[in-house]
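Trainee: Got a sequence here, can you build the structure:
(2 chains)
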Number of protein chains: 2
Amino acid sequence: MAGSSVKPTPILKDELDIVIPTIRNLDFLEMWRPFFEQYHLIIVQDGDPSKIIKVPDGFDYELYNRNDINRILGPKASCISFKDSACRCFGYMVSKKKYIYTIDDDCFVAKNPSGELINALEQHIKNLLSPSTPFFFNTLYDPYREGADFVRGYPFSLREGAPTAVSHGLWLNIPDYDAPTQLVKPRERNTRYVDAVLTVPKGTLFPMCGMNLGFNRELIGPAMYFGLMGDGQPIGRYDDMWAGWCMKVICDHMGWGVKTGLPYIWNSKASNPFVNLKKEYKGIYWQEDLIPFFQSAVLPKECVTVQQCYIELAKQVKEKLGKVDPYFIKLADAMVTWIEAWDELNSSGEKSSKSTSK
Amino acid sequence: MAGSSVKPTPILKDELDIVIPTIRNLDFLEMWRPFFEQYHLIIVQDGDPSKIIKVPDGFDYELYNRNDINRILGPKASCISFKDSACRCFGYMVSKKKYIYTIDDDCFVAKNPSGELINALEQHIKNLLSPSTPFFFNTLYDPYREGADFVRGYPFSLREGAPTAVSHGLWLNIPDYDAPTQLVKPRERNTRYVDAVLTVPKGTLFPMCGMNLGFNRELIGPAMYFGLMGDGQPIGRYDDMWAGWCMKVICDHMGWGVKTGLPYIWNSKASNPFVNLKKEYKGIYWQEDLIPFFQSAVLPKECVTVQQCYIELAKQVKEKLGKVDPYFIKLADAMVTWIEAWDELNSSGEKSSKSTSK
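Mentor: Presented below is the predicted three-dimensional model:
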């Protein structure tokens, strides 16, 4: 039976990179030291490349600033956002590891209801190493977890599950609200620890937040493009949403699973709702068209790789969302550029050149 | 915003019936007294009708045994199962209330992690009175709950939600496992209290358990038929599953929501896995065909009432599942009989005759 058979093994350092987008010194890593120190970090420095980002001693990392991105990608660097945490996806591209964990630099270690510090990365690894159940809902949540299983009425043919592509973790303290909700509920804090991991069913879209996110880069990496946001773009704060919707359509097509729930991190600081409103307002309007678009998007059977799926999706974005706003034509082109750049960096098996490496 | 605007009002006695199928004295009600005493009970006595079922003093109830069912429904009584808890759906039919809560007689009051007794009925009422979110997944679970809301990226046009038809509650202690899982894991107990309510997304099937279940009878009542099980039938323990799959297809068609999660009850006693295996084994085999059938079932736009949907579904069951086993032809006929009986009892606005009433 499921609950007793899955024993996730620890992922070795060689199999996972931690990607952190930032504009500041990474003091927040001190709290994560016991959990992160054995892993390699890929730091994507946003904003002014002349600024020096301090990383606490003892961490193994490489750091890329905008100059590095421009040098490595050349003209294709246009697909990587500037002055927006969307730039983090550059880190996914230059990694050569099987798994990625990405976290925001204002996220700290949360505590479970017993007061113990939560090893978020360990839980993501468990989520990624055990199967998902996208084809039928299990009412006792993750059936592969200890003490749980598939309930009566769950078809036996589906109990092997599907490969897990993405593990979406949640946030205690500051919830991930949009600007209007932040403005209306400035004091709301998430204090509810829900002790569950579940698979987002096939055919169902969800809002993927990039704050605390693990994924299998070998499976779904090329779909984890965080779009064109921030400097020079009409929109921000939809980078992770965009990636989540594209990724989910492709996972559904490929038969892979996406989990959400545990682990929690402690999100320390609400971003400014007025600034957020400015970044979001077009997105709030556009998403009313985006959701029906992604809900009805169908990928042809001929698409058998993530790259093929993504290029096809870019085509559909241009055709259908281009009518919503010319921005989506530019975004569709950037999606193609992203795949070209991904394939360029990931074809040789050789690691691309990098700048600061400790 | 959602979390602050929904204040479920208590459902008055006039709006809810509690339906209990049983073959024994209802001593278990003593523990539920503070939560159930103000409500009306409909007791459906299974098995030998000459047996006297004792109900603790102070409860307001009506009781139907097999003789009553035969007398009230006449030849149509053939659609109500005998010697199987599927008989409970007779109680849904004779109720005239807006809401139904049904519970098994081996289920006791559970405690939350703080050690407080859980008022399961109150939570079901909250679930049924607040909307569902079947069209898009909210990562912080029920957005209408206090302290929660819709997260960033959730389309605003979908935030009003959909009417909630069903509230599926869970079980601490003995999990609702099938016979093979019971046999393999005889000692497994569910000790994990997951503090969440969520909507099963549109297009997703789940295994609905009848042990601890609330629903809006006015909305979905005619679809809550628990099928032909037990005495004279080749199958048992699929009554609630059958109802759940039919109900979910119809809710998806009608645009209504189904919630699962809280509240928990304490399931005291595992049923005999050897007996269960005998009841289930054809179901375990057949469900491999049933699930694809229900996953691909489409109801035509012309079906605008639950009765019309259900009759159409019965037609598809006969056509497509009749090939799997002749049992499904008989079941499809019983589905039609059920609707005829439902309409007969529910057309006049008059309460049907009943036997023992306190």
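Trainee: What segments of chain A are helices?
Mentor: Per DSSP state H, chain A carries helices over the ranges A:2-5, A:29-36, A:66-73, A:89-94, A:120-129, A:179-184, A:217-220, A:239-254, A:273-296, A:306-316, A:327-346.
Trainee: For chain B, what is the nearest residue in the stretch 1-150 of chain A?
Mentor: Nearest to chain B, among the residues of the stretch 1-150 of chain A, is A:Phe137, at 3.8 Å (C-beta to the nearest C-beta). C-beta here means a position set from N, CA and C on the backbone, and glycine is covered the same way.
Trainee: Please state the backbone phi and psi of that residue?
Mentor: The phi and psi torsions at A:Phe137 (degrees, to the nearest 10) take the values phi -90, psi 130.
Trainee: who's in contact with it?
Mentor: Contacts for A:Phe137 were tallied using C-beta atoms under 8 Å, 6 or more residues apart in numbering or on different chains; they are A:201, B:200, B:204-207, B:260.
Trainee: and what of A:Leu26?
Mentor: Applying C-beta under 8 Å, 6+ apart, one finds that A:Leu26 lies in contact with A:20, A:43, A:53-56, A:105.
Trainee: Isn't A:Ala179 up against A:Pro273?
Mentor: Yes: the pair A:Ala179 / A:Pro273 is scored as a contact, 4.7 Å apart, by C-beta atoms under 8 Å.
Trainee: okay, those two: which has more neighbours?
Mentor: When A:Ala179 and A:Pro273 are compared on other C-beta atoms under 10 Å in any protein chain shown, the one with more neighbours turns out to be A:Ala179, at 22 against 19.
Trainee: Flag the shaky bits of the stretch 201-350 of chain A, pLDDT-wise.
Mentor: Counting by pLDDT under 70, the stretch 201-350 of chain A contains low-confidence residues at A:348-350.
Trainee: What parts of it come near chain B?
Mentor: Within the stretch 201-350 of chain A, the positions near chain B by C-beta under 8 Å from any C-beta of the partner chain are A:201-209, A:237-238, A:240-241, A:244, A:260, A:280, A:284, A:287-288, A:291.
Trainee: Please pick the buried ones from these.
Mentor: Of all these considered here, the ones buried according to neighbour count by 16 or more other C-beta atoms under 10 Å in any protein chain shown are A:201-209, A:237-238, A:240-241, A:244, A:260, A:280, A:284, A:287, A:291.
Trainee: Could you find the closest non-adjacent residue to A:Trp277?
Mentor: Quick fix: residue A:277 reads Leu, not Trp. A:Ala179 (3.7 Å; C-beta to C-beta, 6 or more residues apart in numbering or on different chains).
Trainee: what sits against the one you found?
Mentor: Residues in contact with A:Ala179 (C-beta under 8 Å, 6+ apart) are A:273-274, A:276-277, A:279-281.
Trainee: quick check, nearest of those residues to A:Phe36?
Mentor: Here the nearest of the contacts of A:Ala179 to A:Phe36, counting by C-beta to C-beta, is A:Asn276; it sits at 27.9 Å.
Trainee: Can you get me a residue count around that closest one?
Mentor: When counting by other C-beta under 10 Å, one arrives at 20 neighbours for A:Asn276.
Trainee: returning to what we had before: ok, so of the contacts of A:Ala179, who is nearest chain B?
Mentor: So of the contacts of A:Ala179, ranked by how close each gets to chain B (C-beta to the nearest C-beta), first place is A:Glu280, at 7.9 Å.
Trainee: does that closest one really touch A:Thr181, like I thought?
Mentor: No: applying C-beta under 8 Å, one finds A:Glu280 not in contact with A:Thr181, separated by 10.6 Å.
Trainee: Identify the contacts common to these two.
Mentor: When contacts are counted by C-beta under 8 Å, 6+ apart, A:Glu280 and A:Thr181 are jointly contacted by B:Arg152.
Trainee: among the contacts of A:Leu26, who's most crowded?
Mentor: Each of the contacts of A:Leu26 was scored for neighbours by other C-beta under 10 Å, and A:Ile20 scores highest at 27 neighbours.
Trainee: list the contacts for it?
Mentor: Taking C-beta under 8 Å, 6+ apart as the definition of contact, the neighbours of A:Ile20 are A:26, A:41-44, A:88, A:91, A:102-105.
Trainee: most neighbours, which of the residues you listed?
Mentor: The residue in these with the most neighbours, by other C-beta under 10 Å, is A:Arg88 (29 neighbours).
Trainee: For A:Lys13, see how far away that one is.
Mentor: A:Arg88 sits at a distance of 20 Å from A:Lys13 (criterion: C-beta to C-beta, to the nearest Å).
Trainee: ditto for A:Tyr264
Mentor: In this structure, A:Tyr264 lies at 24 Å from A:Lys13, with C-beta to C-beta as the measure.
Trainee: who has more neighbours, these two?
Mentor: A direct count of neighbours by other C-beta under 10 Å for A:Tyr264 and A:Lys13 places A:Tyr264 higher, at 25 against 13.
Trainee: Now, the contacts of A:Ile20 that are in strands?
Mentor: Within the contacts of A:Ile20, residues falling in strands by DSSP state E are A:41-44, A:102-103.
Trainee: Out of those residues, the closest to A:Cys309 would be?
Mentor: For the ones in strands among the contacts of A:Ile20, with A:Cys309 as the reference and C-beta to C-beta as the criterion, the closest is A:Thr102, at 21.4 Å.
Trainee: partner residues bridging the residue lying closest to that closest one once chain neighbours are set aside?
Mentor: Leaving aside its sequence neighbours, A:Thr102 sits nearest to A:Val19 (C-beta to C-beta, 6+ apart; 4.3 Å). Beta-bridge pairing of A:Val19 under DSSP bridges involves A:Ile42, A:Thr102.
Trainee: check contacts around A:Val19.
Mentor: Listed by C-beta under 8 Å, 6+ apart, the contact partners of A:Val19 are A:41-42, A:44, A:88, A:91-92, A:95, A:100-102.
Trainee: mind putting those residues in JSON lines, pLDDT included?
Mentor: Output for these, formatted as JSON lines (pLDDT from 0 to 100):
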{"residue": "A:Leu41", "pLDDT": "98"}
{"residue": "A:Ile42", "pLDDT": "98"}
{"residue": "A:Val44", "pLDDT": "98"}
{"residue": "A:Arg88", "pLDDT": "98"}
{"residue": "A:Gly91", "pLDDT": "98"}
{"residue": "A:Tyr92", "pLDDT": "98"}
{"residue": "A:Ser95", "pLDDT": "98"}
{"residue": "A:Ile100", "pLDDT": "98"}
{"residue": "A:Tyr101", "pLDDT": "98"}
{"residue": "A:Thr102", "pLDDT": "98"}
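Trainee: Poorly predicted segments of the stretch 1-150 of chain A, please.
Mentor: In the prediction, the stretch 1-150 of chain A carries residues with pLDDT under 70 at positions A:1-10.
Trainee: Mind doing that once more with 80?
Mentor: A:1-13 (pLDDT under 80).
Trainee: And the contacts of A:Phe137, which is closest to A:His253?
Mentor: The shortest gap between A:His253 and any of these belongs to A:Pro201, at 14.4 Å (C-beta to C-beta).
Trainee: ok, and the closest non-adjacent residue to that closest one?
Mentor: Spatial nearest neighbour of A:Pro201, excluding adjacent residues (C-beta to C-beta, 6+ apart): B:Thr204 at 4.0 Å.
Trainee: how about the residue in the stretch 51-200 of chain A positioned nearest to chain B, what does it touch?
Mentor: In the stretch 51-200 of chain A, the residue that lies nearest chain B is A:Gly153 (3.1 Å; C-beta to the nearest C-beta). A:Gly153 makes contacts with B:178, B:207-209, B:238, B:240-241, B:244, B:287, as judged by C-beta under 8 Å, 6+ apart.
Trainee: One more: A:Val324?
Mentor: A:286, A:289.
Trainee: Repeat the analysis, applying 10 Å as the threshold.
Mentor: Going by C-beta atoms under 10 Å, 6 or more residues apart in numbering or on different chains, A:Val324 touches A:285-286, A:288-290, A:293, A:317.
Trainee: Just the buried subset of those, please.
Mentor: Here the buried ones among these, as counted with 16+ other C-beta under 10 Å, turn out to be A:286, A:289-290, A:293, A:317.
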